[in-house]
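>>> sequence first, predicted model second:
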Amino acid sequence: QVLLVESGGGVVQPGGSLRLSCAASGFSFSRHGMQWVRQAPGKGLEWVAFIQYDGTNTYYADSVKGRFAVSRDNSKSTLYLQMNSLRSEDTAVYYCTKDQATDWQTGDCSDSWGQGTLVTVSS
Amino acid sequence: EIVLTQSPGTLSLSPGERATLFCRASQSVGSSFFGWYQQKPGQAPRLLIYGTASRAAGIPDRFRGSGSGTDFTLTISRLEPEDFAVYYCQQYGSSHLAFGQGTKLEIK
């Protein structure tokens, strides 16, 4: 069965950096696009970033563009999110999600979600 | 970027009643690229509907999605106690995906 396990969350000061990881198993990781979605405390879902199945294309929400970078290592079935210049408004649970489609160039619906990792940006 | 607006913000109903949730897009979305998610407290969201009207694996047939263009609807025919949750719509037809702000379905 599909399993997505995020790690790397924690408390960081404004302006700091953090790297999230998502270990995937139970499916052909190299054939599926992957995304990061976040949820601030008590708020709704916000799409953050997408990476194509082979890493060729990446897309970002305007709120994180230029500060966050999504990458993947298909040999390790692992997704990453490098977060730089963190702000208080980046405080959220970050979810790793698997696209339903295979071999697709843009984001698709997310048919599997991890349990999330909490990032808190605070001095 | 496409903006999704859900209504109502909160819906208060009783078990056994019918629920109708709406989502309006700021521009047309292809019917293949629209979906709905359910989120319960303390849990990750779960895919309910994709491609406007297709139910995800394991989703009961009381959940029905419909719509086209800029207006989409999620209907729950007879509410079960486990259906009370927050529901989000999503478009994934562009390089910038987007979610609606959510509709909270609460027990009346």
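Everything's here; your move.
>>> the residue most central in space within chain A: which element?
Among the residues of chain A, residue A:36 comes closest to the average C-alpha position under C-alpha atoms, centre = their mean, at 2.7 Å. Element membership for residue A:36, per DSSP states H and E: strand A:32-39.
>>> and that strand with chain B, contact?
Yes: if you take C-beta under 8 Å from any C-beta of the partner chain as the test, strand A:32-39 does meet chain B, through A:35, A:37. C-beta: built from backbone N, CA, C; applies to glycine.
>>> now do the contacts for the residue nearest to the centre of chain A.
A:20, A:48-49, A:70, A:79, A:81, A:94-97 (C-beta atoms under 8 Å, 6 or more residues apart in numbering or on different chains).
>>> what's the pLDDT at the closest residue to it other than its chain neighbours?
Distances taken as C-beta to C-beta, 6 or more residues apart in numbering or on different chains place residue A:48 nearest to residue A:36, at 4.2 Å, with adjacent residues excluded. You'll see residue A:48 listed with a pLDDT of 98.
>>> repeat that for residue A:67.
pLDDT, residue A:67: 98.
>>> who's in contact with it?
Neighbouring residues of residue A:67 by C-beta under 8 Å, 6+ apart: A:83-86.
>>> neighbours around whatever residue of chain A ends up closest to chain B, how many?
Using C-beta to the nearest C-beta, the single residue of chain A nearest to chain B is residue A:113, 3.9 Å away. Neighbour count of residue A:113, defined by other C-beta atoms under 10 Å in any protein chain shown: 22.
>>> any idea how far the closest residue to it other than its chain neighbours lies from residue A:111?
Among residues not flanking residue A:113 along the chain, residue B:44 sits closest, at 3.9 Å (C-beta to C-beta, 6+ apart). As judged by C-beta to C-beta, to the nearest Å, residue B:44 and residue A:111 stand 12 Å apart.
>>> again with residue A:79
For residue A:79, the distance to residue A:111 (C-beta to C-beta) stands at 15 Å.
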